[in-house]
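Asks: for reference, the sequence and a predicted model appear below.
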Amino acid sequence: MTFDEGSGTVNRSLLLVHGRDFKPAEDTFTDLSMAALRAGVERDFPDQVDTFDAMQKQVAWYGDLNAEILNGCGKRYDEQLDIGDRRNALNAMRAITARKRFGIRQYDQLPGKSAVPEAIADVAAPLLGAIGLCVPLIGAVSKDFAKYFDRKSDYAMKVRERLRTRLCELLDRGDRIVLVTHGTGSIVAYDVLWQLSHDPDYKDDYADKKVDLWMTLGAPLGDSNIRKRLLGAREPASTKFPTNVISWHNVSAEDDYTCHDNTLADDFKMMMQERIVSTVHDYRIYNLAVRYGKSNPHSSIGYYIHPRVAKVLVDWLVDSDIQAAPKYIL
């Protein structure tokens, strides 16, 4: 393992995975995402800002792969406008200086707030799955997400490789890792974690290496139709799930249709029964992001800056470091 020679502690690293749709260039996206995470820490735990700043941070970015698919479908992207709108959303939420204001009262005042998309997803997902229309519907809403499940496409392989490369570098260094995944990026992360646990090409080197904390934000992993398509879904209990996560914290926002089934502890309880994860915690929040003048409860910026995310992250940051094994004198 890699230890800091001065303190004897293991390096800490944050690895973030984005989801579907167009994304700004990698450096810009990274700066905006880390600024949002930092703003939440600075607001609620100002004494831990230096600890956050000292942590190594990076993004498994595959925005170019998303754009290739979306552009091929005739969609267009105004990057400058998107960056500006993301900054406006971040600045508006950064101006909220009290964590208690991230509640239902503030959320109910947002323009364009609606529970309809989540309600439709709750009702439609089981029915569409039963008649085999789940993936076609996903394709109608999100071309790049649909490609992930298309066996004729190499998109899923390329996306997994982007994350796997970054994650394996950190595991090889022996870092303590917090893996933060948003939206459909949580599906990518789940599949990569499963590969490292069970795939013959990786398990010998990585099955015994652990991610300290996995934080899923607005993840669709609670949807039964999605779970059927995860790697390992048809395997027996002993090899069905990833075995390389210690703690899993899942955060779902009210009215976020992407995570319409917003609890994961019930869906993945077998992981605890099999003793391959220590805990799976679910949290319900209100995402205060406003994008293009309208409430967007799935916004990554709104998740990153939220007090619950800041609390989970700081709890991990201040957790006592793993020390080198003590030398006992007999």
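Replies: Cool, the structure landed.

Asks: can we go C-alpha only for contacts and neighbour counts from here?
Replies: Noted.

Asks: give me the contact list for the host helix or strand of W194.
Replies: According to DSSP states H and E, W194 maps onto helix 185-198. By Cα atoms under 8 Å, 6 or more residues apart in numbering, the residues outside helix 185-198 that reach it are 17-20, 156, 159-160, 163-164, 181, 202-203, 206-208, 216-217, 219-221, 230-232, 239, 241-244.

Asks: quick one: low-confidence parts of this structure?
Replies: Counting by pLDDT under 70, the chain has low-confidence residues at 1-10, 114-142, 320-330.

Asks: that one: strands as residue ranges?
Replies: Listed from the start of the chain, the chain has strands (DSSP state E) covering 12-17, 56-60, 176-182, 211-217, 245-253, 279-285, 290-291, 294-295.

Asks: of all the ones you listed, which one is nearest R99?
Replies: With Cα to Cα as the measure, strand 279-285 is the member of the strands of the chain nearest R99 (11.8 Å).

Asks: how far out from the middle of the chain is the closest one?
Replies: Distance of strand 279-285 from the chain centroid (Cα atoms, centre = their mean, to the nearest Å) equals 13 Å.

Asks: now do that strand: which elements does it pack against?
Replies: strand 245-253 (3 or more Cα pairs under 8 Å, 6 or more residues apart in numbering; DSSP states H and E).

Asks: got the angle for the strand it packs on vs strand 211-217?
Replies: In terms of direction (axes from the mean of the first three to the mean of the last three Cα atoms, to 10 degrees), strand 245-253 departs from strand 211-217 by 10 degrees.

Asks: contacts for strand 245-253 next, please.
Replies: Residues outside strand 245-253 that contact it (Cα under 8 Å, 6+ apart) are 210-219, 259, 262-264, 276-287, 297-298, 303, 308-309, 312.

Asks: just how off-centre is that strand within its chain?
Replies: Relative to the chain's own centre, strand 245-253 is displaced by 9 Å; criterion: Cα atoms, centre = their mean.

Asks: for stretch 149-166, same thing?
Replies: Here stretch 149-166 is found 16 Å from its chain centre; the criterion is Cα atoms, centre = their mean.

Asks: on that earlier part again, of the contacts of helix 185-198, which belong to helices?
Replies: Among these, the ones falling in helices (DSSP state H) are 156, 159-160, 163-164, 203, 206, 239.

Asks: tell me the centre residue of the chain?
Replies: T181 (1.2 Å; Cα atoms, centre = their mean).

Asks: among the contacts of helix 185-198, which ones are buried?
Replies: Buried members of the contacts of helix 185-198, counted by 16 or more other Cα atoms under 10 Å: 17-20, 156, 159-160, 163-164, 181, 206-207, 216-217, 219-221, 230-232, 241-244.

Asks: ok, back up a step: so the residue nearest to the centre of the chain touches P220, yeah?
Replies: No. Using Cα atoms under 8 Å as the test, T181 is too far from P220 to be in contact (11.2 Å).

Asks: how long is stretch 146-157 end to end?
Replies: Distance between the two ends of stretch 146-157: 14 Å, counting by Cα to Cα, to the nearest Å.

Asks: er, stretch 248-262 actually
Replies: Using Cα to Cα, the two ends of stretch 248-262 sit 14 Å apart.

Asks: and that stretch, which residues are buried?
Replies: So, applying 16+ other Cα under 10 Å, buried residues of stretch 248-262: 248-262.

Asks: closest one of these to R94?
Replies: Closest to R94, out of all of the buried residues of stretch 248-262 and judged by Cα to Cα, is A253, at 18.2 Å.
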